[in-house]
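In: Output the structure for:
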Amino acid sequence: MNKNIMFIVTMLFVLLIVPIVSAEVGIDLTLSKYEPFPASPGQVVKVWLLVQNTGDTDAKDVVIQLAPQAPFSLYNQASDTKTIPILGAQKDYLIDFNVKVDDNAAQGYNNLKVKYSYGANPSMQDRNLQIYIQAKDATLGIESVKVDPAEISPGSDGKITITVKNNAPASMTDLTLKLQLQAIVGSTVVDLPFAPMDSSVEHKEYLLEPGKSADFTYTLRVYPDAVSKVYKIPFSLTYYDSIGTQRNKTDFIGVVVNSVPDLSVLIDKTDLSEQVKTGSVTLKIVNKGLSDIKFLNIIMRSSQDYELLSNSDTTYVGNLVSDDYQTAEYKINVKTTKNQLAIPITIQYRDANNKYYEKNVNVALNLIDSNKLNPTKGVAGYSWITIIVVLLIIGGIWYYFKNKNKKNKKGQIY
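Out: Sure thing, here's the model as predicted:
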């Protein structure tokens, strides 16, 4: 009996103590991020702090206080303290502060001091968060990239000049800039449509003094069958700083491969002539250029020499690949006695790089005498062969009836 009583008392104690033990608040404060990264001397940095309640009960009156010391100071804020009234169990909250970095801040990791407290534990606790500071001139900068010409045609040469400037207070050595004329598509290495001419893809500069610039110039030839578009050519720059540390920088150059579209418009066929004034005219649009075009529109403009009978003056052709053609048909009524007309046409399109073009052309339409198209044509447009055949038929009929009448007369005499 005593054992049972002891067991019941023990179980009641456990049931009472477990809620007390589990009902805890755990506040954790970490540095979420800061921008810009890395921070630089003289900059204003926005710092985000992540406040987490790792406990299983709500935390009330969570106070976060920024207590910066050199090289940091609070910037343009009325208070260095922020309060979270209630932070739920297993919840987190993001707060931010603006911090100014001293102009003479040392390069490397520096501590940003933060204090925090919450309702059940009002005493402040300290936390040091590390922010990395790097001088702005600690690395070389890409001052400019020039591509000449701005758009390189397939089969042509282009010159790329990359200018590197040393803004650091010390010299940089053993600079190597290398173009990467390959790209990785999925798991496959694909050659970009460029070949170096007169030099390799790797250029070197032994020494670059403070404040000086160096030009790395490459001549590239575009493959003749290259597709017109914008290509990203990767490059890498390696060098050594004043304390002998190797540094690396990677970036991309944008190179536009394109050729000026070359379209021509001419008459493909027509049933109009000097005698036939109403009929159709079919235009042929030929892409003689090296690149494809798209969104092609053909517009037949009005003229005093003819009346447009088609429902619309615009024909949408769409895409037109290189060395191909499309046609557009219109029906017109010629109102002039001239046998030569100039049909004004507007063509609108975009090249492979979406550059818009609009071109006005006059297409010559010659109205030919239809009688001259067939030398056998005779009177009133009938051929001489037809007339001869008709005459032979008429002669044959006449001859038949003439002989028939003679036979009838002979039969009557006998």
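
In: what residue ranges in the chain score low on pLDDT?
Out: Filtered on pLDDT under 70, the chain yields the residue ranges 1-23, 120, 136-139, 169, 242-243, 372-386, 404-414.

In: Got the domain ranges for it?
Out: Following automatic domain parsing, one gets these domains for the chain: 24-134, 138-257, 263-371.

In: Turn the ones you listed into CSV, including mean neighbour count and distance to W398.
Out: In short, each C-beta sits where N, CA and C put it, glycine included. What follows is these, written out as CSV (neighbours: other Cβ atoms under 10 Å; distance: least, Cβ to Cβ, whole Å):
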stretch, mean neighbour count, distance to W398
domain 24-134, 15, 110
domain 138-257, 15, 75
domain 263-371, 15, 31
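
In: And these: which comes nearest G396?
Out: With Cβ to Cβ, the closest approach to G396 among these belongs to domain 263-371: 29.2 Å.

In: starting at the chain centroid, how far to that closest one?
Out: Centroid separation between domain 263-371 and its chain, computed with Cα atoms, centre = their mean, to the nearest Å, is 32 Å.

In: end-to-end on it?
Out: This stretch, domain 263-371, spans 34 Å end to end (Cα to Cα, to the nearest Å).

In: Ok, stretch 145-162 next?
Out: Note: stretch 145-162 ends 5 Å apart using Cα to Cα.

In: Check what contacts that stretch and list those residues.
Out: For stretch 145-162, the external contacting residues (Cβ atoms under 8 Å, 6 or more residues apart in numbering) are 142, 144, 163, 177, 179, 193, 197, 215-226, 228, 233, 235, 253-260, 290-291, 353.

In: circling back to that earlier point, export the domains of the chain as CSV, with columns for distance to Y399.
Out: Compiled in CSV, the domains of the chain are given as follows (distance: least, Cβ to Cβ, whole Å):
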stretch, distance to Y399
domain 24-134, 112
domain 138-257, 75
domain 263-371, 33
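
In: of all those domains, which lies closest to V389?
Out: Smallest distance to V389 across the domains of the chain (Cβ to Cβ): 19.5 Å, for domain 263-371.

In: isn't there a strand covering V51?
Out: Yes: assessed with DSSP: H, G, I helix; E, B strand; the rest coil, V51 lies in a strand.

In: pretty sure it contacts T83?
Out: No: judged on Cβ atoms under 8 Å, V51 makes no contact with T83 at a distance of 10.8 Å.

In: Mutual contacts of the two, please.
Out: By Cβ under 8 Å, 6+ apart, the residues touching both V51 and T83 are V62, I64.

In: Start and end of stretch 66-73, how far apart?
Out: Terminal residues of stretch 66-73 lie 9 Å apart, using Cα to Cα.

In: measure stretch 52-66 end to end?
Out: Distance across stretch 52-66, first residue to last, is 17 Å (Cα to Cα).

In: ok, A226 touching D191?
Out: No: using Cβ under 8 Å, A226 is not in contact with D191; the gap is 10.8 Å.
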